[in-house]
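> okay, structure incoming, though there's no sequence with it:
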């Protein structure tokens, strides 16, 4: 008799679609960035500031979206976010002054984006324990595949119907699609009478219930492990948006045609798909720590390669290396949180850590723009970005799971062999 499909994989597919659209639209900002600069003549630092505000708001709302996901479930949260994100992008079609992107993109669209990564990733990790790395890798690969597919589409729309109508198309598709996909997002296997990984309900797995009875937010924040996890990801997220905003204009400054420059972001995205899936699955075997260390090291190398990249092949290589490492690191983040602190409060904990760490990324794009406006180049920004990833690698060496707090916590802190 054929075994029925475990519903957790339906949740993974739903998360894949949500992240495909949300992150694909986000990474297309580089294409719209160039079009807006050309039309209005704004400075790169000022327009990059709108993206920095966007990054600050959507990451800053992660704790709220995580808590709402734990309380209301992912359906309502993702549907509401689809409305904000879609309307914000459609509103961008009416931009005529520099403060408009700050309101429409930096606030409205950002509120919608805050209901993508945290609710999707926190929901997926609840459905899996032994295949947690693979599942979150596949789900978050949607964001990277969107990065590959949507920037060229954005460029073709911008050049054929103009950037205003391109924003209308992007926003309306997201508004409708995210509300449809939200229907399949169930909060956890227990809500359907199932157990993680498709095991029979009540069956003992390799790690019992997979940490379903995890640390509460208050308990987790009282551990040194929580703040070390924050420090590790804060360090690598400081420069993470720099290539996403500045890679296209950086390549154009080197004489790369606009369409080919846009494909660099696509190369970054397709490499991130491989990074998420391969390193997610590998982390289930070798442990999160080893997989993360490889990601941090490769990302430092990628940033260090950008200053010497002067031809298109070298730019593709650096972009692909960054994409692979970025994909691996971002996929492993919610898996690490759930491994350390359990499944029960994963939404709140992932959201809180995201809120505390990711806003630091808001300074990356505007900082790189500031460096460019004053030096005429991006080289110092690339080297600083490499240094932040070296710091993350050093901090990772000090990170350890919290100590078990009695028998009731044993399941929550029990980790896979060679765990992070």
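All right, it came through fine. Since the structure is predicted, the reported quantities are computational estimates derived from the model, not experimental observations.

> could you check the pLDDT of the nearest residue in space to residue 109 that is not next to it in sequence?
Of all residues not flanking residue 109 in the chain, residue 88 sits nearest, at 3.0 Å (CB to CB, 6 or more residues apart in numbering). Every residue, glycine included, has its C-beta placed from N, CA and C. pLDDT for residue 88: 94.

> show me where the stretch 51-200 of the chain has helices.
Along the stretch 51-200 of the chain, counting by DSSP state H, counting those that start in this stretch, helices occupy 62-72, 74-91, 99-103, 110-113, 117-127, 132-161, 163-181.

> who wins for proximity to residue 222 among those helices?
helix 62-72 (16.6 Å; CB to CB).

> so the closest one versus helix 74-91, what angle?
Between helix 62-72 and helix 74-91, the angle comes out at 140 degrees (axes from the mean of the first three to the mean of the last three CA atoms, to 10 degrees).

> poorly predicted segments of the stretch 51-200 of the chain, please.
Along the stretch 51-200 of the chain, no part satisfies pLDDT under 70.

> sorry, back to before: CSV for the helices of the stretch 51-200 of the chain, including mean neighbour count and distance to residue 239?
Formatted as CSV, the entries for the helices of the stretch 51-200 of the chain read as follows, by neighbours: other CB atoms under 10 Å; distance: least, CB to CB, whole Å:
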stretch, mean neighbour count, distance to residue 239
helix 62-72, 22, 19
helix 74-91, 23, 24
helix 99-103, 18, 22
helix 110-113, 24, 19
helix 117-127, 30, 18
helix 132-161, 24, 17
helix 163-181, 19, 26
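
> so for the strand or helix carrying residue 388, what gets flagged as buried?
Assigned by DSSP states H and E, residue 388 belongs to helix 379-396. Neighbour counts over helix 379-396 (16 or more other CB atoms under 10 Å) mark 381-382, 384-393, 395-396 as buried.

> likewise stretch 340-352?
For stretch 340-352, the buried set under the neighbour-count rule, 16+ other CB under 10 Å, comprises 340-352.

> quick check: mean pLDDT of it?
The average of the pLDDT scores along stretch 340-352 is 86.

> how far does that stretch sit from its chain's centre?
Distance, stretch centre to chain centre, for stretch 340-352: 16 Å (CA atoms, centre = their mean, to the nearest Å).

> could you tell me the end-to-end distance of that stretch?
Stretch 340-352 has an end-to-end distance of 14 Å (criterion: CA to CA, to the nearest Å).

> kindly report the same for stretch 100-112.
Terminal residues of stretch 100-112 are spaced 17 Å apart (CA to CA).

> can you tell me what sits against it?
For stretch 100-112, contacts defined as CB atoms under 8 Å, 6 or more residues apart in numbering pick out 22, 29, 36, 47, 49-58, 61, 81-89, 91-92, 94-95, 174.

> let me see the confidence value for the closest residue to residue 237 other than its chain neighbours.
Once flanking residues are discounted, residue 237 sits nearest to residue 361: 4.5 Å by CB to CB, 6+ apart. Per-residue pLDDT puts residue 361 at 77.

> who's in contact with residue 361?
Contact analysis of residue 361 by CB under 8 Å, 6+ apart lists 55, 59, 237-241.

> and the furthest pair within those?
Using CB to CB, the pair of those lying farthest apart is 59 and 239, separated by 14.3 Å.

> residue 370 contacts residue 45, correct?
Yes. At 5.1 Å, residue 370 counts as touching residue 45 under the criterion of CB atoms under 8 Å.

> residues near the spatially closest residue to residue 147 that is not a sequence neighbour, how many?
Leaving aside its chain neighbours, residue 147 sits nearest to residue 269 (2.6 Å; criterion: CB to CB, 6+ apart). Neighbours of residue 269 under the rule other CB atoms under 10 Å: 28.

> make TSV from the helices of the stretch 51-200 of the chain and add distance to residue 303 to it.
Below are the helices of the stretch 51-200 of the chain laid out as TSV (distance: least, CB to CB, whole Å):
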stretch	distance to residue 303
helix 62-72	24
helix 74-91	29
helix 99-103	27
helix 110-113	24
helix 117-127	22
helix 132-161	18
helix 163-181	29
